[in-house]
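Asks: Structural data only, the sequence is not supplied:
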């Protein structure tokens, strides 16, 4: 969005213009511009896509890169992960949008047409759904029309694209088009008008784009005299659709069987002097429509696909390198457009920026996209200075340096985000598989209920006589002492006032199989180089991609599910959180359930997405969980951490003194929680846990669970003990 809205002279008009911009941009998401699926049928057209063929196959080298990315490095991505073969060359598609643009001989022209067509669909839908914006929308479109270049000053193909832009902006009256292509212009009007139907989808935009491309792709891009243009009256009725669309001729352009689109373009072109068109001008994309903003559907789909969960992938993915991405992006429609606009030097700069942004996106703090390894990791060295929380949902915390016996101020940044939702099946399967244990846990928690009533003695009125008080009263009476009237007792209800934060370790080591866990949990050995570090983490996490056995994280999830199924009946307040990270500036804190959040079907779906992530920087995660507990009004506040090993992170826990550094920072974080009135407790499944927990939990409770399979049973028992203490 623009930083300032000063297009008009009045504040209200500028505000309306800004609302139009914001609405149009956000509606790309709301109305599915980036949800295009190559194989999904359109609703308003006869589909051409099933019969379209790529305009040009990738080179063997490029194809191998795309295939590797689509099938190995980014599992689960792509509308067509099954490669097609032709002439011994494989082609695989990373995104459905990329697959679509590969059908065109001129990807830049195809993108320009698709952009205008999709913007037309969005504008029509917005005016229908957000009628309060109509006045501002009409004013903004009129303003945009006034800034458009004169059609008759453009080369013919660019003039035809500008014709489409003007129709999309709802121009009325007449508009100039090359005389030889007036019939083509009328056909384009009919196609564009179809997209104003509110049932139109992004797949309809794709079908419309293919038809328009076939109509104008062969229009020579030469400048002609103004007298060779004539008016098309846009107020006339749009011509009726032809009874039988000549799809075979259109498909010639996409099947490699013909050199041109429809007959109209070819025949019309022949009417003009062929000598004029021996030296065509290079095609330039139309000027941007300011309120519509930048539209990069192929790149948006790629980034969206990267964020998708790949947990159902059964293979072991390989890291993506910067060189592979560079080769892939060289075929991008958006980058081709950048080449023409900015030249070789500008294109290289754009390529570098896109590569950097893409590699950053692949390493963002999200449980869905931890499948990526190689590449430049953005990381502030541990010897750096204080950090700042510059983004929403980020928090800065100090870190304890036991060597200096002082805090490092603002040393860690915690990124809090809501856990994405998965399926609810894991939750239900866990309850079904452990039905007997579920009943036992519920029975145990029901035993807590009588304890919520306390007998109050020596009352003047009550449920029954207090035997001790009655005896004393009789003795007093016989000895001549005035007896007390307080000879009754009754049960007063004692409200449970408990708040518990469950903090789950989501480190890469939780991907280890519980029946194959032979690697010592102290075997850290993380490299310092950022790229090597990400590769190392991927190798640790890759073990979790096989699903023929249960992992540590699966047992953690089962324990939480069984416990929460019983907690709802106690009325206790509780939250479920997970943490991981890679470096002090990237401590990830995931929210499955907030302390005061009501239980709903979304909670099991979030629990389903719990998965092994990166490393284990415990200190800042504990401090952040403590801050949540201190904001809750409860008499008893408990921080219950479940871990599978010692705190470990790059620059936080290495061999020698660094190992102790992490343990001492965690100890101080727990001690800070205790000073805030929070009771810390640590449950670990690390059999060697006593070695460091006796230091890390000085004066605080912890338990080492020797048999991890007992976690679902032991967790509710520990909870009862802690909350009744």
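Replies: Structure received. Computed from a predicted structure; not experimentally measured.
Asks: can we go C-alpha only for contacts and neighbour counts from here?
Replies: Fine.
Asks: Could I get the full set of strands for the stretch 351-500 of the chain?
Replies: Secondary structure of the stretch 351-500 of the chain (DSSP state E, counting those that start in this stretch): strands at 394-401, 406-418, 453-459, 464-465, 488-493, 498-505.
Asks: got the phi/psi numbers for residue 219?
Replies: phi -70, psi 120 (degrees, to the nearest 10).
Asks: Could you report the neighbour count for it?
Replies: Residues within reach of residue 219, counting by other Cα atoms under 10 Å, total 22.
Asks: Return the residues in contact with residue 185.
Replies: Going by Cα atoms under 8 Å, 6 or more residues apart in numbering, residue 185 touches 160, 163, 177.
Asks: Most neighbours among these, which one is it?
Replies: Most neighbours among these, by other Cα under 10 Å: residue 160, with 27 neighbours.
Asks: Next one: it from residue 237, what distance?
Replies: Computed with Cα to Cα, to the nearest Å, the distance linking residue 160 and residue 237 is 20 Å.
Asks: now swap in residue 436 and tell me
Replies: Distance, residue 436 to residue 237, by Cα to Cα: 72 Å.
Asks: which of the contacts of residue 185 lies closest to residue 472?
Replies: Set against residue 472, the nearest of those by Cα to Cα is residue 163 (104.4 Å).
Asks: could you say which helix or strand contains the closest one?
Replies: Assigned by DSSP states H and E, residue 163 belongs to helix 156-168.
Asks: and that helix, average pLDDT?
Replies: In this model, helix 156-168 has an average pLDDT of 93.
Asks: Moving C-terminal from that helix, which element do we reach first?
Replies: Taking DSSP H and E, what comes next after helix 156-168 is strand 174-178.
Asks: okay, the angle between the next helix or strand after that following strand and strand 174-178?
Replies: Using DSSP H and E, the helix or strand that follows strand 174-178 towards the C-terminus is helix 182-194. Helix 182-194 and strand 174-178 are oriented at 130 degrees to each other (axes from the mean of the first three to the mean of the last three Cα atoms, to 10 degrees).
Asks: still on that earlier bit, could I get the contacts of residue 185 as JSON lines with distance to residue 296?
Replies: Below are the contacts of residue 185 laid out as JSON lines (distance: Cα to Cα, whole Å):
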{"residue": "160", "distance to residue 296": "22"}
{"residue": "163", "distance to residue 296": "22"}
{"residue": "177", "distance to residue 296": "28"}
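Asks: what about residue 683, is that helix, strand or coil?
Replies: Put simply, residue 683 is strand when judged by DSSP: H, G, I helix; E, B strand; the rest coil.
Asks: residues touching it, list them.
Replies: Contacts here follow Cα under 8 Å, 6+ apart; on that basis residue 683 touches 640, 641, 642, 643, 702, 703, 704, 705.
Asks: State the pLDDT value of it.
Replies: At residue 683, pLDDT is 88.
Asks: how near is it to residue 171?
Replies: Distance, residue 683 to residue 171, using Cα to Cα: 69 Å.
Asks: Isn't residue 667 up against residue 699?
Replies: No - taking contacts as Cα atoms under 8 Å, residue 667 lies outside contact range of residue 699: 10.0 Å.
Asks: Done for today, thanks.
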